[in-house]
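S.K.: Just to be clear, the model below is a prediction. Sequence and coordinates:
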2 protein chains.
Amino acid sequence: MTNKNGGADLAPLNEFDPVIILARPQMAENIGACARAMGNGGLFHLRLVAPRDGWPQEVAWRTASGADKILDAAEVFDTLDEAVSDLNRIFATCPRPRHVVTELFEPHEAALEMRALAKKSFKTGIIFGSERAGLDAEELSRADSLIRYPLNPGFMSLNLAQAVLVMAYEWWMSGRETVLPHIINNESKPATKEDITFFLDRLIELLGDKGFLRNEEKREGMVRNMRHFFTRGEMTEQELRTLHGIITSLVGEPHS
Amino acid sequence: MTNKNGGADLAPLNEFDPVIILARPQMAENIGACARAMGNGGLFHLRLVAPRDGWPQEVAWRTASGADKILDAAEVFDTLDEAVSDLNRIFATCPRPRHVVTELFEPHEAALEMRALAKKSFKTGIIFGSERAGLDAEELSRADSLIRYPLNPGFMSLNLAQAVLVMAYEWWMSGRETVLPHIINNESKPATKEDITFFLDRLIELLGDKGFLRNEEKREGMVRNMRHFFTRGEMTEQELRTLHGIITSLVGEPHS
């Protein structure tokens, strides 16, 4: 039922990565969808507090899209206090903080804060409330810090897995020391400036033969515009060959 | 059925906010969930290309959690080309870009770029592929820029609405940051996709007359490469006029 050997090869990346705590989750399919969102962001530790329909529930594995190992390793607790007892710092998500004086983060900042805490060997957790009503005042009071999502105040309607995804996304982003360079995955090498100049000279000569550039006043500007257009992108050798073929074909005789 | 007066009081915030384009979406409930994610990020413009089960579908309104007005205003197109014809710059989400030389963004950067473009009165769109297989090569070739999500490479499994949510979240976030003004260095307005498609169709027809595309096997790839090359940069109306002039001249008789 719980498919102990299935799914993607997910494993905890770090003991001190944040724990995702679902307080009184109702639908098992949402628990599965949360596990999927966690996997996307490299989060592994899942705790369930009093899931309405008990645990395990097969449907969760069906909606996890292969994040089975996160569900296999999920821990179940009767109360929130038990679920957070070994943690050092607790965050809770809260769309509209009221009546509380608690440190307030946005997801991006919260992720950075949790990274900093993990480096100090602090165990952190993020509590998400039940689908219907979120966290109640009693549950919110367990949080050291609140996380408020910066979304359209006129339409703030996130389901549980989406709320988890935003934090998982920010967590993954915060873990990248350096931003990945822009990788250009091309099979073809970029054309050299010399190759491009050769093509442009050829094009200009052909156009000269056709009389296209005979207006001396406009000639310089037009040549400059063409040069700018063809050199602006990162043209590949393959594309340059195609362009040569195009102009050869256009000036040639039609094939009969 | 389509509940024309229901749901949250959502309205387009700006004419130049990005258009969300779902290419061949399969499940209407996912379309509804996408509308919900759009609402969260203040996005309003939704276009559907050849939705598998037709449109409208009542179930979409049920999964939109009140984002009814986005669905009410959704536009449906038979082809992707029609759906993007009035746009100036097209982004596409792509988990693993291959074999393409296209500007590559992460969601955060893409959102900032789209903000900057909107300020210049550029209409932008983001294409999301079908649930099953994402965007095919033909669809990807329509994109000027690709967006790659920085998520766990060992478990990259986002459903359609989650993919939309990440962009909607970054879009909303980017609206709160100060965007550096891009220097407007073009006198001419950007060419629309429709104008560019017209040019490409004309070029392809001319090349067909000349026999350049008579190798049926290679034809498709060559056309795609040409399309990609000519749509990659931000072509201006002026440049497009020059290109038309060039091909007219090349096929014409020499002036004596």
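M.R.: Alright, I've got the coordinates.
S.K.: what about chain A, any weak spots by pLDDT?
M.R.: Low-confidence segments of chain A (pLDDT under 70): A:1-5, A:95-102, A:177-190, A:193, A:231-234, A:253-256.
S.K.: swap the cut-off to 80 and go again
M.R.: A:1-6, A:13, A:95-103, A:176-194, A:196-197, A:212-238, A:253-256 (pLDDT under 80).
S.K.: Strands along that one, start to end?
M.R.: A:19-23, A:46-49, A:75-77, A:89-93, A:103-105, A:124-128, A:145-147 (DSSP state E).
S.K.: buried set for the fifth one?
M.R.: Looking back up the chat, that one is strand A:103-105. The neighbour-count check on strand A:103-105 (16 or more other CB atoms under 10 Å in any protein chain shown) flags A:F105 as buried. All C-beta atoms are positioned from the backbone trio N, CA, C, and that covers glycine.
S.K.: Please apply the same query to the last one.
M.R.: By neighbour count with 16+ other CB under 10 Å, strand A:145-147 contains the buried residues A:S145, A:L146, A:I147.
S.K.: Kindly report the residues of the stretch 1-150 of chain A close to chain B.
M.R.: A:8-10, A:36-37, A:39-42, A:65-67, A:108, A:149-150 (CB under 8 Å from any CB of the partner chain).
S.K.: Now restrict these to buried residues only.
M.R.: Here, 16+ other CB under 10 Å leaves A:8, A:10, A:36-37, A:39-42, A:65-67, A:108, A:149 buried among these.
S.K.: So which of the residues of the stretch 1-150 of chain A next to chain B are in helices?
M.R.: Judged by DSSP state H, the residues of the stretch 1-150 of chain A next to chain B include A:R36, A:A37, A:G39, A:N40, A:H108 as members of helices.
S.K.: and those residues as a markdown table, adding distance to B:F91?
M.R.: Listed next are these as a markdown table, based on distance: CB to CB, whole Å:
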| residue | distance to B:F91 |
| --- | --- |
| A:R36 | 24 |
| A:A37 | 23 |
| A:G39 | 25 |
| A:N40 | 20 |
| A:H108 | 22 |
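S.K.: out of those residues, which one sits closest to A:D17?
M.R.: Set against A:D17, the nearest of those by CB to CB is A:G39 (12.3 Å).
S.K.: Next one: A:M222 from B:F229, what distance?
M.R.: Here the criterion is CB to CB, to the nearest Å. By it, A:M222 lies 20 Å from B:F229.
S.K.: quick one, which of these two is more surrounded?
M.R.: More crowded of A:M222 and B:F229, by other CB atoms under 10 Å in any protein chain shown: B:F229, with 21 against 17.
S.K.: Neighbours of the closest residue to that one other than its chain neighbours, how many?
M.R.: Using CB to CB, 6 or more residues apart in numbering or on different chains and skipping the chain neighbours, the partner closest in space to B:F229 is A:E239 (5.0 Å). For A:E239, the neighbour count with other CB under 10 Å is 23.
S.K.: B:N225 is in contact with A:E239, correct?
M.R.: Yes: using CB atoms under 8 Å, A:E239 is in contact with B:N225, at 6.2 Å.
S.K.: now A:L250: how far from B:K210?
M.R.: For A:L250 relative to B:K210 (CB to CB), the value is 6 Å.
S.K.: Identify the residues contacting stretch A:212-219?
M.R.: With contacts defined as CB atoms under 8 Å, 6 or more residues apart in numbering or on different chains, stretch A:212-219 is touched by A:I204, A:L207, A:G208, A:M222, A:V223, B:G245, B:I246, B:S249, B:H255.
S.K.: What is the neighbour count of the residue of the stretch 51-200 of chain A found nearest chain B?
M.R.: Nearest residue of the stretch 51-200 of chain A to chain B (CB to the nearest CB) works out as A:F155 at 3.9 Å. A count of neighbours around A:F155, defined by other CB under 10 Å, yields 21.
S.K.: for it, what are its contacts?
M.R.: B:A8, B:L10, B:G39, B:N40, B:G42, B:G66, B:A67.
S.K.: phi, psi of it?
M.R.: Dihedral angles of A:F155 (phi, psi; degrees, to the nearest 10) stand at phi -160, psi 80.
S.K.: Nearest residue to it in space, please, no chain neighbours.
M.R.: Closest to A:F155 by CB to CB, 6+ apart is B:G39, at 3.9 Å.
S.K.: picking up where we left off before, can you lay out the buried residues of strand A:145-147 as JSON lines showing distance to A:W61?
M.R.: Formatted as JSON lines, the buried residues of strand A:145-147 follow (distance: CB to CB, whole Å):
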{"residue": "A:S145", "distance to A:W61": "32"}
{"residue": "A:L146", "distance to A:W61": "32"}
{"residue": "A:I147", "distance to A:W61": "28"}
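S.K.: nearest to A:A168, of those?
M.R.: For the buried residues of strand A:145-147, the minimum distance to A:A168 (CB to CB) is 12.6 Å, reached by A:I147.
S.K.: Am I right that the closest one is in contact with A:E103?
M.R.: No: here A:I147 lies out of contact with A:E103, judged by CB under 8 Å, at a distance of 9.8 Å.
S.K.: Name the nearest of the contacts of A:F155 relative to A:T192.
M.R.: Ranked by distance to A:T192 (CB to CB), the contacts of A:F155 are led by B:G42 at 44.6 Å.
S.K.: Is it correct that A:E170 is in contact with A:F105?
M.R.: No: assessed by CB under 8 Å, A:E170 is found out of contact with A:F105, at 10.2 Å.
S.K.: where's A:C94 relative to B:A133, distance?
M.R.: Distance of A:C94 to B:A133, given as CB to CB: 38 Å.
S.K.: quick one: which of these two has more around it?
M.R.: Neighbours per residue (other CB under 10 Å) separate A:C94 from B:A133, with A:C94 holding more: 22 against 8.
S.K.: Could you find the closest non-adjacent residue to that one?
M.R.: Per CB to CB, 6+ apart, closest to A:C94 is A:L146, 4.7 Å.
S.K.: from memory A:M173 sits against B:P150, does it?
M.R.: Yes: with contact defined as CB under 8 Å, A:M173 and B:P150 form a contacting pair (5.8 Å).
S.K.: And for A:A110, the neighbour number?
M.R.: Here the count is done by other CB under 10 Å, and A:A110 has 25 residues near it.
S.K.: Which phi and psi values does whichever residue of the stretch 101-250 of chain A sits closest to chain B adopt?
M.R.: Per CB to the nearest CB, A:G211 is where the stretch 101-250 of chain A lies closest to chain B, at 3.1 Å. Dihedral angles of A:G211 (phi, psi; degrees, to the nearest 10) stand at phi 90, psi 10.
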